[in-house]
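>>> show me the folded form of this:
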Amino acid sequence: MDPAIYNGVLLVAAVMFALSFIIMTWRILVGPNSLDRMLGLDGFIAMLQCALATYICWSLDTTVANAMLVIALLGFIASVSVARFRKRDGS
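Just a heads-up that it's a prediction; the model follows:
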């Protein structure tokens, strides 16, 4: 594949991730209740993993693969703990 096309596709993906991060940050900050904020955080974590995978494709450097694993595990633990200990908002 032509490197210019490859870099162009990755640039488009990076711009879409940046816009998605802005939208998810808004969902985390404005969410009407704690469950909406947690869903926003889950989406943010998933997009962060995808953005790191895009970085790996762009730089051909796999040193961030361990960071992706840690982020995935922390996101899972956060989701499980919120689901386990969540109480209704306002009570």
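>>> pLDDT on the lengthiest helix in the chain, on average?
Assignment by DSSP state H gives helix 3-30 as the longest helix of the chain. If you average the pLDDT over helix 3-30, you get 93.
>>> buried sites along it?
13, 17, 20, 24, 27-28 (16 or more other Cβ atoms under 10 Å). In short, each C-beta sits where N, CA and C put it, glycine included.
>>> what separates it from the chain centre, distance-wise?
Relative to its chain's centre, helix 3-30 lies at 11 Å (Cα atoms, centre = their mean, to the nearest Å).
>>> what comes up buried for the helix or strand that comes right after it?
Using DSSP states H and E, the helix or strand that follows helix 3-30 in sequence is helix 34-59. Using 16+ other Cβ under 10 Å as the test for burial, helix 34-59 gives 37-45, 47-49, 51-52, 54-55.
>>> quick check: next helix or strand after helix 34-59?
Assigned by DSSP H and E, the successor of helix 34-59 is helix 65-85.
>>> I'd like the distance from that following helix to the chain centre, please.
On Cα atoms, centre = their mean, the centre of helix 65-85 falls 11 Å from that of its chain.
>>> likewise stretch 56-68?
Counting by Cα atoms, centre = their mean, stretch 56-68 comes out at 15 Å from the chain centroid.
>>> stretch 75-87 now?
On Cα atoms, centre = their mean, the centre of stretch 75-87 falls 17 Å from that of its chain.
>>> and that stretch, which residues are buried?
75, 82.
>>> other SSEs contacting the longest helix of the chain?
helix 34-59 (3 or more Cβ pairs under 8 Å, 6 or more residues apart in numbering; DSSP states H and E).
>>> what's the helix it packs on packed up against?
Right, helix 34-59 is packed against helix 3-30, helix 65-85 by 3+ Cβ pairs under 8 Å, 6+ apart.
>>> what packs against the last one?
Put plainly, it is helix 65-85. Partner elements for helix 65-85 (3+ Cβ pairs under 8 Å, 6+ apart): helix 34-59.
>>> next, count neighbours for L60.
7 (other Cβ atoms under 10 Å).
>>> next, give phi and psi for it.
Backbone geometry at L60, expressed as degrees, to the nearest 10, gives phi 60, psi 30.
>>> kind regards, and thank you for your time.
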